[in-house]
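# Return atomic coordinates for the entry below.
(2 chains, ligands or ions: 3)
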Amino acid sequence: MKFYKPKNLTELFQISEKIAGKKYFLAGGTDINVQIKKKMITDEPIIYINHLEELQGIRETDESIIIGSLCSYQELLNSPLIAKYLPFFRASLVNFASPLLQTMATIGGNIANGSPTADVTPLLLVLDAQIILMAKSKMRHIPLRDFFTGYKQFNLKKNEIIGGVQITKNAETGYKTFYKKVGSRKALTIAKVALAGLKNSEEYKLAVGSLNEYPRRLSKIEEYLASTNTPESVKLEELLKQEITPISDMRSDKDYRFQVCLNLLLEFIQI
Amino acid sequence: MKLEFILNDKAVSLEVDPMKRLLDILREDFGLTGTKESCGEGECGACTVLLDGKPVTSCLVNAVHAENKQVVTSEGIAQKPLGKLLIACFDETNAVQCGFCFPGFLVSSYYYLKNDGEPNLEKIKTALSGNICRCTGYQKIFDSVMMACHRKQEQEK
Ligand SMILES: Cc1cc2nc3c(=O)[nH]c(=O)nc-3n(C[C@H](O)[C@H](O)[C@H](O)COP(=O)(O)OP(=O)(O)OC[C@H]3O[C@@H](n4cnc5c(N)ncnc54)[C@H](O)[C@@H]3O)c2cc1C
Ligand code: FES
Ligand code: FES
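Numbers count the residues shown, from 1 in each chain, chains lettered A, B, ... in the order given. Ligands and ions are numbered 1, 2, ... in the order given. All right, here's what the predicted structure looks like:
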């Protein structure tokens, strides 16, 4: 396994440019080390990034909060900026993995690993987060909802990395909020179904995890809810069938997942 | 790579593969076998150590990540006053059965006792939620930590 520890971002891009095939960026290592153990990663090159200052920290601008991709869950939970502007986001992260993992696991790694079950993604989707993508001499911001294109497939150019995410300071302001992650136990649980939602008198924002190839917004249901004061459960069920494609796996079967998602949706409508 | 870090308050260095797991370094290169491997995937907490003061699963930490950091293992904690207090409470409560999970519980409990220490059951449960025990029913473990929190408060009076 070839290993690199670049001094800074410039060197990172120089190294990464020269590697033609698959490579991994070692951030918190909580996914990578499990994949090494399971022999899903064998001799692909590894580039260590956790020490790179350019990708660390939580900052504010006049309108936004910018979270560096290397921010750990613990940093997010302890950040005064997050507590002040994004209390719903913060409260929803409390049950991520366990305190032992929260120290290591990073937000960038959670998104980039691309698991349909990633906890942070549905939350960022309803907050209309932008993802910041960095390349050697360029940086671009795109809505997170446009970042995913398929199972572990991203709108990410060769030699681009995730620099961080950007959320507007008022992303939660004036909304009623909802987040539920359903798993087999409280700590150390991978979501079987997760639903995040925001609503005010005019609009609805809904996103689900673990129910499609990647976490996504439920646009049809959002539109339907905004268009009626008396949503019908038959109609919701019909739309939900179009929006989610739950699978059966070792954690649960697809009918269970569908039903739980519908129940969460009805619960969200009541708040 | 040449890895330098502080291990149980002593500066150490060794030549090592940057991807070697901290767990293996502790056990194989330093003979600190208190740190255990069970799942090897971050799920059980048997391999918990403090890295720069915070509890982590050392099976998911690579050598490169420990560079210039402070690592404290269960052996190191056992030498500290709060570690001794915890061990006495675990002992009095008969909380330990086979003992395999214990070094991990000691590290997580120590972190809680040192940084919070409120005798609050919900908080203690959360602090220990990354550690799994296959023998006991957890109750005595929680009782021990609760006891240690009370004793620490008394000592501080
Ligand atoms: C026991 C256990 C429990 C877990 N529980 C949960 C849970 O409750 N919820 C949940 O969502 N996840 C959970 N996970 C999964 C994992 O902890 C998260 O996905 C974590 O956020 C990954 O971050 P990391 O920094 O550790 O990633 P790493 O392992 O360092 O990297 C993961 C992937 O991201 C890529 N990557 C990392 N940073 C960047 C970047 N800046 N740009 C581009 N690519 C990058 C790497 O190449 C790699 O493919 C759990 C894992 C374990 C082992
Ligand atoms: S061996 Fe590290 S968490 Fe189980
Ligand atoms: S005492 Fe045996 S696993 Fe905990």
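# Not including adjacent chain positions, what is the nearest residue to A:Arg216?
A:Ala207 (6.5 Å; CB to CB, 6 or more residues apart in numbering or on different chains). In this view, the C-beta of every residue, glycine as well, is placed from N, C-alpha and C.
# Then B:Lys123?
Nearest residue to B:Lys123 in three dimensions, chain neighbours excluded: B:Asp116, at 6.4 Å (CB to CB, 6+ apart).
# For A:Asp255, give me the pLDDT.
pLDDT recorded at A:Asp255 is 87.
# That one belongs to a helix, doesn't it?
Yes: read with DSSP: H, G, I helix; E, B strand; the rest coil, A:Asp255 is one of the residues of a helix.
# what number of residues lie near it?
The tally of other residues near A:Asp255 (other CB atoms under 10 Å in any protein chain shown) stands at 10.
# One more: A:Ile66?
18.
# My understanding was that it contacts A:Ile132; is that so?
Yes: in this structure A:Ile66 lies within contact range of A:Ile132 using CB atoms under 8 Å: 7.4 Å.
# shared neighbours, these two?
Here A:Ile66 and A:Ile132 have A:164-166 as joint contacts, going by CB atoms under 8 Å, 6 or more residues apart in numbering or on different chains.
# can you tell me how far the closest residue to A:Asp119 other than its chain neighbours sits from ligand 1?
With CB to CB, 6+ apart as the criterion, A:Asp119 has its nearest non-adjacent residue at 5.4 Å, and that residue is A:Phe96. For A:Phe96, the distance to ligand 1 equals 5 Å [CB to the nearest ligand atom, to the nearest Å].
# Next up, phi/psi of the residue nearest in space to the middle of chain B, please.
For chain B, the residue nearest the mean C-alpha position is B:Val107 (2.0 Å; CA atoms, centre = their mean). When read as degrees, to the nearest 10, the backbone of B:Val107 gives phi -70, psi -50.
# What is the burial count for B:Leu50?
24.
# And the residue nearest to the centre of chain B, how close does it get to A:Ala207?
36 Å (CB to CB, to the nearest Å).
# do the same with A:Ile244
11 Å.
# residues in contact with the closest residue to ligand 1 within chain B?
Nearest to ligand 1 in chain B, going by CB to the nearest ligand atom, is B:Gly42, at a distance of 3.3 Å. Contacts for B:Gly42 (CB under 8 Å, 6+ apart) come out as A:30, A:33-34, A:97, A:100-101, B:57, B:59-60.
# Dump those to TSV, plus pLDDT and neighbour count.
Formatted as TSV, the contacts of B:Gly42 follow (pLDDT from 0 to 100; neighbours: other CB atoms under 10 Å in any protein chain shown):
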residue	pLDDT	neighbour count
A:Thr30	96	26
A:Asn33	97	23
A:Val34	96	18
A:Ala97	89	24
A:Leu100	96	32
A:Leu101	96	23
B:Thr57	98	32
B:Cys59	98	26
B:Leu60	98	27
